[in-house]
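> Need the 3D shape of this:
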Amino acid sequence: IQYLPNLSGTGHVLLVQGLDVAGTQAAAETLFHPQAIASILASARKPDGTLRPFEILLRATSIVSNATGEQVVASRIYGPHQR
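Predicted coordinates:
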């Protein structure tokens, strides 16, 4: 999962992808379970309430093309001058 500024700097893009369909499904489902990424979003939140760009790396188990047991493996929150 990546939340990054768009190329023109006028907005942001949210990228959700996995190594396969099950991985992409796991990333998308994680977005709908805020408790899984709440601490990352809190750290990315600026004083004005907007979000700094961030990346989240997940691990999930794939069983018959369905993902289960998603967990955050790593995250990165970009500083004010990074892209």
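
> mind listing the helices for the protein?
Applying DSSP state H to the chain gives helices spanning 21-31, 34-44.

> Could you export those helices as CSV, including mean neighbour count?
Every residue, glycine included, has its C-beta placed from N, CA and C. Below are these laid out as CSV (neighbours: other Cβ atoms under 10 Å):
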stretch, mean neighbour count
helix 21-31, 17
helix 34-44, 13
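
> would you turn these into TSV with mean pLDDT?
Shown next, in TSV, are the helices of the chain (pLDDT from 0 to 100):
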stretch	mean pLDDT
helix 21-31	88
helix 34-44	90
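
> wait, which of the ones you listed is closest to His12?
helix 34-44 (11.5 Å; Cβ to Cβ).

> picking that back up, please name whichever of the helices of the chain is nearest to Tyr78.
Evaluated over those, closeness to Tyr78 peaks at helix 34-44, with 8.5 Å, by Cβ to Cβ.

> Need the contact partners of that closest one.
Helix 34-44 is touched from outside by 1, 3, 30-31, 51-54, 56, 70-72, 75, 77, with contacts defined as Cβ atoms under 8 Å, 6 or more residues apart in numbering.

> for the residues you listed, which one is nearest His12?
When these are compared against His12 (criterion: Cβ to Cβ), the nearest one is Tyr3, at 6.0 Å.

> What is the neighbour count of that closest one?
A total of 20 residues lie near Tyr3 under the criterion other Cβ atoms under 10 Å.

> Likewise for Ala67?
For Ala67, using other Cβ under 10 Å, the count is 23.
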